[in-house]
Every structure is written in structure tokens, then in C-alpha cells.
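Novice: Here is the input, now give the coordinates:
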Amino acid sequence: MVSLYFFTLQQNHFLSLNLLNDIVTGKRDVQGAKAFYAQTAEQFTKYHITSPYTEGFLFPMQYNTADLGVTYFK
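Specialist: Just a heads-up that it's a prediction; the model follows:
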């Protein structure tokens with residue numbers, strides 16, 4: 001019998017936002033992102049295999065954004 005693990009809400013949010021960023025930046029198309037989401041969720045729930053996509057943001061954080069017209073990335 002395979003024990004099942006479940007995504008926490010935070011892991012789900014990281015995965016979703018990282019895939020959204022991939023779509024916006026052209027790294028993945030929508031179908032590719034859906035397939036990756038399903039594969040990542042399956043690997044985690046069945047085998048407890050984690051992914052960098054579920055552990056934190058993979059895109060640069062914004063800094064010094066007090067002026068809405070200017071955005072800086074580190």
C-alpha cells in the first residue's frame with residue numbers, strides 16, 4: 001500500500017505562482033504548466049518527492065519599489 005502525502009497550502013501557492021511566472025516569461029505554455037503541475041503533485045502525493053517549485057519563489061524578488069513607475073530586481 002502506498003502512503004499518500006498532501007501538499008500544504010503554502011506548497012500549492014509556491015507551485016502555482018512559479019508556474020504562472022514561467023507562463024508570463026515564456027518559459028512554459030499553459031498546457032506545459034498544467035502537465036508539470038499534475039506531474040509534480042503526483043510525485044509528491046505518491047512518493048513524497050519534492051520540487052524546487054514547491055519550496056519557494058524561483059523568480060527574483062522586487063526591491064526599492066516605493067516609486068510605482070520604477071521597479072528594481074536583485
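Novice: switch to C-alpha atoms for all contacts and neighbour counts from now on
Specialist: OK.
Novice: count of residues packed around the closest residue to Ile23 other than its chain neighbours?
Specialist: Computed as Cα to Cα, 6 or more residues apart in numbering, the closest residue to Ile23 that is not its neighbour in sequence is Asp29, at 5.5 Å. When neighbours are defined as other Cα atoms under 10 Å, Asp29 has 14 of them.
Novice: Asp29 contacts Leu19, correct?
Specialist: No. With contact defined as Cα atoms under 8 Å, Asp29 does not count as touching Leu19 (9.5 Å).
Novice: what are the ranges of the helices in the protein?
Specialist: Assigned by DSSP state H, the helices in the chain fall at 9-24, 30-47.
Novice: How many residues are close by Tyr53?
Specialist: For Tyr53, using other Cα under 10 Å, the count is 19.
Novice: okay, now the closest residue to it other than its chain neighbours: neighbour count?
Specialist: Setting aside the residues directly before and after it, Tyr53 is nearest to Leu15 in space (Cα to Cα, 6+ apart), at 5.0 Å. Residues lying near Leu15 (other Cα under 10 Å) number 26.
Novice: likewise Gln31?
Specialist: Neighbours of Gln31 under the rule other Cα under 10 Å: 10.
Novice: same check, this time on the one 5 residues further on
Specialist: Phe36: 15 surrounding residues under other Cα under 10 Å.
Novice: Kind regards, and thank you for your time.
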